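Undergrad: following is a predicted model, sequence given first.
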Amino acid sequence: MDTTAQLNISLTFLAYGTLIIILVVGGMLAKVFYDLSKLTRNVDDTVTIVKTELEPTLKNVNKSVEIVSGVIIKTDENIKKVKSFISKTPLKLLGNLLKLSSKASKGFWSGLSTALKMFSKK
């Protein structure tokens with residue numbers, strides 16, 4: 001009988017120990033679920049705030065991009081007009097004349113320096 005009494009005490013102790021462990025784990029799980037639901041509410045509130053703040057900002061950015069794009073398009077058109085105007089005026093001939101005279105002066109100075117080098121060697 002001594003063995004049976006010891007087995008009963010051991011099984012009772014095991015049952016109480018298991019009950020205590022289940023209660024502790026259950027309490028911890030309840031705390032985790034509570035914190036998780038609180039975190040979910042906070043994330044939802046944060047997303048809502050960011051969404052309400054971000055929408056007007058994005059609208060302003062879109063308007064700014066449209067304005068800058070319009071200015072760039074107008075500037076490109078004006079540059080094309082100026083280029084076409086210059087190509088039709090005598091200024092284009094003057095520009096070509098300057099390029100030609102630049103090449104000619106380079107050739108003249110190059111020839112002169114070559115001649116001086118040849119005479120200075122003798």
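TA: Done, it's in.
Undergrad: where does the protein have low pLDDT?
TA: By pLDDT under 70, the low-scoring segments of the chain are 1, 86-87, 89-98, 100, 103, 121-122.
Undergrad: for it, just list every one of the strands.
TA: With DSSP state E as the criterion, the chain has no strands.
Undergrad: the longest helix in this protein is where?
TA: helix 2-88 (DSSP state H).
Undergrad: tell me how far that one is from the chain's mean position?
TA: Mean-position distance between helix 2-88 and its chain equals 19 Å (C-alpha atoms, centre = their mean, to the nearest Å).
Undergrad: which neighbouring elements make contact with that helix?
TA: With contacts defined as 3 or more C-beta pairs under 8 Å, 6 or more residues apart in numbering; DSSP states H and E, helix 2-88 has no helix or strand neighbours. Glycine gets a C-beta too; all of them are placed from N, C-alpha and C.
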